[in-house]
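Visitor: got a structure for you, letters missing:
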């Protein structure tokens, strides 16, 4: 039986809105109890893996451990310390964009959305990492989980900006 068949046969069905690493740990415990290794499921289904250092430690000892399973990029979101992209060819770090934190709800989702918009838009890895850190900064500087989400035009302005301030 494949890992995905094991997962489908597991006695627990859950739709999970990830909120923090505590919830992730609980989900991983349930999946491990069902005989499923989350890292293998993730690797079979994902090209891009995002998480905080603590979240990624739950699925792999090192980001590179996932490359042999089909993952092409691992992106570590590290809040005020920026973000790092790991690929089989190396790593790229992008420092955080300075922002006044008003509400961190939705910042990770905004980061991932901006990064994936860059992938779909054909941006270079450095440019999409830069775009994602800028959008994450916008997200933490506004109240709510979607209210400060930039438009496609805003994303273009963010990517072409020479400083960290969008006016």
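Guide: Okay, I see it. Source: prediction; values computed, not measured. Numbering: from 1, shown residues only.

Visitor: what's whichever helix or strand residue 56 is part of packed up against?
Guide: Using DSSP states H and E, residue 56 falls within helix 53-57. Here helix 53-57 touches helix 21-33, strand 73-77, going by 3 or more Cβ pairs under 8 Å, 6 or more residues apart in numbering; DSSP states H and E. No exception for glycine: its C-beta is placed from N, CA and C like everyone else's.

Visitor: which of those comes out lowest on mean pLDDT?
Guide: Lowest mean pLDDT within the helices and strands packed on helix 53-57: helix 21-33, at a mean of 42.

Visitor: roughly how far apart are residue 132 and residue 94?
Guide: Counting by Cβ to Cβ, to the nearest Å, the separation of residue 132 from residue 94 is 8 Å.

Visitor: joint contacts of these two?
Guide: Shared contacts of residue 132 and residue 94, defined by Cβ atoms under 8 Å, 6 or more residues apart in numbering, comprise residue 83.

Visitor: more neighbours: which of these two?
Guide: A count of neighbours by other Cβ atoms under 10 Å puts residue 132 above the other of residue 132 and residue 94, at 27 against 20.

Visitor: lowest confidence element among the helices and strands of this structure?
Guide: helix 21-33 (a mean of 42; mean pLDDT, DSSP states H and E).

Visitor: just the buried residues of stretch 130-150, please?
Guide: 130-142, 148-150 (16 or more other Cβ atoms under 10 Å).

Visitor: what's the longest helix in the chain?
Guide: Across the chain, the longest stretch assigned as helix under DSSP state H is helix 125-140.

Visitor: so that one versus strand 73-77, what angle?
Guide: 30 degrees (axes from the mean of the first three to the mean of the last three Cα atoms, to 10 degrees).

Visitor: name the helices or strands packed onto helix 125-140?
Guide: strand 73-77, strand 83-87, strand 90-94, helix 107-120, helix 152-160.

Visitor: make JSON lines from the ones you listed and add distance to residue 57 to it.
Guide: Supplementary listing: these in JSON lines, determined by distance: least, Cβ to Cβ, whole Å:
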{"stretch": "strand 73-77", "distance to residue 57": "10"}
{"stretch": "strand 83-87", "distance to residue 57": "14"}
{"stretch": "strand 90-94", "distance to residue 57": "17"}
{"stretch": "helix 107-120", "distance to residue 57": "16"}
{"stretch": "helix 152-160", "distance to residue 57": "30"}
